[in-house]
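A.B. asks: Need a 3D model of the following:
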Amino acid sequence: MFRSGFLICFLISLSSEASVQKTFEGFIGGSALFPCYYDPSRLKLISAHWRLNDSLNVYDILSGRGTDNEQDPQFKGRTETFPTDYMKGNFSLRLRGLTWSDVGAYCCSISDVNSLQCTTLQVKERPREIHEKPDRNVGVESNAERIVSQVLACFFAVILLCV
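C.D. replies: Alright, predicted model coming up:
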């Protein structure tokens, strides 16, 4: 009994540090925020690595400092992280100016604890705003109501004068 309970707890702890997959839908020209969090009390080094489809270097955080030295040119000038939150375990990444070539799986790996957190990005064309044509009959009822009320007022005034 003790062994099965221990095994279940062990498997749950492994699954919490394994890959977590989410999906985000962004629009061409928009931005996406990819979350990456880890318990800061369990970190020895403040280092995380962002990759697209396990190959393209999106961004690196090495020893508590963000660097784009080895960043793929596709991402130059479009990434943002939150350095003041690194010590709190927040290694999230914002990507601006989304393009069709940004589609794929963005994974944040925190190597000293074997944590991998992935978000799949899907990019869509921004929907066009629908502008409704104004209805030509709008306001007709209010004009008709005013005319009827004025005619009735005149009719009652004439009746009162005749009586």
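A.B. asks: For this protein, which segments count as helices?
C.D. replies: Under the criterion DSSP state H, the chain contains helices at 2-17, 140-162.
A.B. asks: Pick out the shakiest of these, pLDDT-wise.
C.D. replies: In terms of mean pLDDT, the lowest-scoring of the helices of the chain is helix 2-17 (a mean of 36).
A.B. asks: need the longest strand for the protein.
C.D. replies: Longest strand in the chain, counting residues (DSSP state E): strand 115-124.
A.B. asks: Now do the contacts for G89.
C.D. replies: For G89, the contacting residues are 37-40, 43, by CB atoms under 8 Å, 6 or more residues apart in numbering. To be clear about C-beta, it is placed using only N, CA and C from the backbone, and glycine gets the same treatment.
A.B. asks: pretty sure M87 contacts I46?
C.D. replies: Yes: in this structure, M87 is within contact of I46 by CB atoms under 8 Å, at 6.7 Å.
A.B. asks: so what sits against both of these two?
C.D. replies: G64.
A.B. asks: Would you mind measuring from S63 to Y106?
C.D. replies: 22 Å (CB to CB, to the nearest Å).
A.B. asks: more crowded one of those two?
C.D. replies: Set side by side, S63 and Y106 show more neighbours around Y106, with 24 against 9, by other CB atoms under 10 Å.
A.B. asks: didn't that one look like it was pressed against R51?
C.D. replies: Yes: counting by CB under 8 Å, Y106 touches R51, with 7.4 Å between them.
A.B. asks: list the residues that contact both of those two?
C.D. replies: V58.
A.B. asks: that older thread, what's the most distant pair in the contacts of G89?
C.D. replies: The two members of those with the most space between them (CB to CB) are Y37 and L43, at 11.1 Å.
A.B. asks: what's the longest strand of the chain packed up against?
C.D. replies: strand 20-27, strand 32-34, strand 104-110 (3 or more CB pairs under 8 Å, 6 or more residues apart in numbering; DSSP states H and E).
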